[in-house]
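1. just to be clear, the model below is a prediction. Sequence and coordinates:
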Amino acid sequence: MDNSVRLNYEFTAYREGVSAAYMTWTSGFKIAAKPKKIGIWVYGDGKNHWLRGSLADASGKEVVIDFTKEGGLNWTGWKYVEATVPQTAPAPLTLNR
């Protein structure tokens, strides 16, 4: 696949509680097969954020996946990361965030 997206975020004004930035698709990104993992290239800023994704399974139930652990986006520059897709989530899947 030859596509890319860019998400810029800035959390310096939000020091209390939880902040989040999401990239969403209008109708979701349909995944025809049942993957074991989903991988993405990420440019890290070294600020120890948590990189997650959200899928919808065949029944519409949200399935949250972790590309890093909490505070795990701790590198600067490009890195390939993968999130494990729970095998209990029935296909087809749709990547929403």
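-> Yep, that arrived.
2. any idea how far the most centrally placed residue in the chain lies from residue 13?
-> Compute the mean C-alpha point of the chain, and by CA atoms, centre = their mean the closest residue is residue 53, 2.8 Å away. Separation of residue 53 from residue 13 (CB to CB, to the nearest Å) stands at 25 Å. In this view, the C-beta of every residue, glycine as well, is placed from N, C-alpha and C.
3. tell me where the model's unsure across the protein.
-> The model of the chain has pLDDT under 70 over residues 1-2, 14.
4. okay, residue 33 and residue 45: tell me how far apart.
-> The gap separating residue 33 from residue 45 is 32 Å, by CB to CB.
5. so the two - more neighbours on which side?
-> More crowded of residue 33 and residue 45, by other CB atoms under 10 Å: residue 45, with 13 against 8.
6. how about the closest residue to that one other than its chain neighbours, what does it touch?
-> In space, and not counting its chain neighbours, residue 45 is closest to residue 76: 6.5 Å by CB to CB, 6 or more residues apart in numbering. Counting by CB atoms under 8 Å, 6 or more residues apart in numbering, residue 76 touches 44-46.
7. count of neighbours near residue 9?
-> By other CB under 10 Å, the residues close to residue 9 number 12.
8. do the same with residue 71
-> 10.
9. element containing it?
-> Using DSSP states H and E, residue 71 sits within no helix or strand.
10. I'd assumed residue 50 was in contact with it.
-> Yes: Residue 71 is within contact range of residue 50, at 6.4 Å (criterion: CB atoms under 8 Å).
11. so residue 50 touches residue 72, yeah?
-> Yes: using CB under 8 Å, residue 50 is in contact with residue 72, at 6.6 Å.
12. what's the spacing between residue 58 and residue 26?
-> Taken as CB to CB, the span from residue 58 to residue 26 is 20 Å.
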